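> Requesting a structural model of the entry that follows:
(one chain, ligands or ions: 2)
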Amino acid sequence: MKINTLPQEFIGAQPILKILTRAGFEAYFVGGSVRDMLLSQVIHDVDIASSAFPEEVKFLFEKTVDTGIQHGTVMVLDHGEGYEITTFRTESTYTDFRRPDSVTFVRSLSEDLKRRDFTINALAMTLDGEIVDLFGGLDDIKNGIIRAVGDAETRFTEDALRMMRALRFSAQLGFIIEADTQKGLIELVPNLEKIAVERIRVEFEKMLMGASAANSLKIAVQDKVMLYLPGHIGQWELSLIISDLEIYQANHIVVVWCHLLTRSPLKIQEMTHFMRQWKLSRDIMKTVIAVVPIVRQIENVTILDLYTVYSYADVLLEILKITDVADKTIQHVRSILKMLPITQSSELAINGSDLIKLGIVQPGPRMGHALKAMEKAVVLSEVSNTPEALTSFAKEQFSHDKN
Ligand SMILES: Nc1ccn([C@@H]2O[C@H](COP(=O)(O)OP(=O)(O)OP(=O)(O)O)[C@@H](O)[C@H]2O)c(=O)n1
Ligand SMILES: [Mg+2]
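Numbering: from 1, shown residues only. Ligands and ions are numbered 1, 2, ... in the order given. As a prediction, this is how the structure comes out:
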């Protein structure tokens, strides 16, 4: 099979492959970019594999960076772009189920392709668009199948993360997992415990953001994958999460976590511990802690609640959609958010130094209290947000207070 018109992402890299082939080496586009091109999906990074050894690559190109030279990867810099070239390699035994004990550089493309995870990821393409398909990847793309290259158990023993990747690709692409591949997964799923949380998290998040997330999550429950994920998530009742995802697709990582935790059996105080086990970022943890209690009480939400959560309004509205909250309630929330007189304290018409200048409050602990009271009164439309109205409100409330 030959691709006649290559996407722009590959055209920029063609001169690099030309230099390698003119020097007598083999060079191909490999991995995710070839798969995504064939599926008309967005192409992320264009990876190049070559028979040239790292030192040979460095000799051929003027500007290179050793991004992962011990694994055979050198980045070539060309017109402000970086292209990673990885030497064809085989991998030795995997004592720890995630990293080869050593890699060996080889000159043969087929040796390199046969150690890759799935047939759809084991396609290569020459610089002028000829596809090299040694394991039936093209048919599997056409038929929507995730199939391990060769023996599934061997592939999953080499890197247990590949089991999460199977579920993730299935969710993103709507592909089914081929029977022997699934059998290998069921057999080896306990090895997931040996994989770093960060790596699992990346695949898990991509899975839950996929268009077919519900189906992959069902498989993950059935095949006991969930039992080996962090935070005892395997003990949760996941049917509501699955049915939400049958209808709506999460569009951002933070939405994934807010949704999951809204539907979780965890109390708000327990969530931080769970999120630490998944090593989530501070930003995501803050958002979850702000948004989830509001979603859980959405029928009784107050103007002050929505003011407090204003900076997370987009996430909040997204979660309300996913968790199937009544349209009427969503409209109500939207209209309150739109009508808030201020959205943060810095929008108050007078501030702390104004209060001091006016001689109403002195610096000290009462200041915070005064500012909070003004903020609350403005949000609740009890006072207009003008210097005059706020000054007389403050005088009335605080002038006679002792500072
Ligand atoms: N555990 C893994 C990870 C990667 N690969 C191989 O390395 C390529 C590039 O890996 P990566 O960028 O992690 O995945 P992609 O398939 O490119 O997917 P994504 O779109 O997420 O980048 C894959 O296509 C696959 O051939 C593998 O065999 N086993
Ligand atoms: Mg990639």
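> Which positions in this structure make contact with ligand 1?
31-32, 44, 116-117, 121-122, 159, 161-162, 165 (CB under 6 Å from any ligand atom). C-beta: built from backbone N, CA, C; applies to glycine.
> From those, list just the buried residues.
Of the members of the residues of the chain next to ligand 1, the ones counted as buried by neighbours, 16 or more other CB atoms under 10 Å, are 31-32, 116-117, 121-122, 159, 161-162, 165.
> Quick check: the farthest pair among those?
Greatest spatial distance among those (CB to CB): Ala122 and Leu161, at 16.6 Å.
> Helices of the stretch 301-403 of the chain, start to end?
Counting by DSSP state H, counting those that start in this stretch, the segments of the stretch 301-403 of the chain that form helices are 303-308, 313-322, 327-339, 352-357, 365-379, 387-398.
> which secondary structure elements does the third one contact?
Okay, so that is helix 327-339. Helix 327-339 makes packing contacts with helix 303-308, helix 313-322 when contacts are defined by 3 or more CB pairs under 8 Å, 6 or more residues apart in numbering; DSSP states H and E.
> Can you tell me which helices and strands the shortest one packs against?
For helix 303-308, the contact count by 3+ CB pairs under 8 Å, 6+ apart identifies helix 282-296, helix 327-339, helix 365-379 as packing neighbours.
> quick one on the thing from earlier: pick the most deeply packed of the helices and strands packed on helix 327-339.
Most buried of those by mean neighbour count (mean count of other CB atoms under 10 Å) is helix 313-322; its value is a mean of 20.
> Now do that one and helix 282-296, the angle between them.
Counting by axes from the mean of the first three to the mean of the last three CA atoms, to 10 degrees, helix 313-322 points 50 degrees away from the direction of helix 282-296.
> Just want the angle from helix 313-322 to helix 327-339.
170 degrees.
> mind checking how far helix 313-322 is from the chain centre?
Chain-centre distance of helix 313-322: 17 Å, with CA atoms, centre = their mean, to the nearest Å.
> one step back: can you put the helices and strands packed on helix 327-339 in a markdown table and add distance to Ile85?
Listed next are the helices and strands packed on helix 327-339 as a markdown table, based on distance: least, CB to CB, whole Å:
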| stretch | distance to Ile85 |
| --- | --- |
| helix 303-308 | 51 |
| helix 313-322 | 40 |
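> Need the residues of the chain next to ligand 1 in a markdown table (columns: distance to Ser311).
Formatted as a markdown table, those follow (distance: CB to CB, whole Å):
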| residue | distance to Ser311 |
| --- | --- |
| Gly31 | 38 |
| Gly32 | 35 |
| His44 | 30 |
| Arg116 | 43 |
| Asp117 | 40 |
| Asn121 | 39 |
| Ala122 | 45 |
| Asp159 | 39 |
| Leu161 | 35 |
| Arg162 | 38 |
| Arg165 | 34 |
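> Keep only those of those residues that are in helices.
Under the assignment DSSP state H, the residues of the chain next to ligand 1 contribute 32, 161-162, 165 to helices.
> Any regions of this protein where pLDDT drops low?
When residues are selected by pLDDT under 70, those of the chain lie in 94, 400-403.
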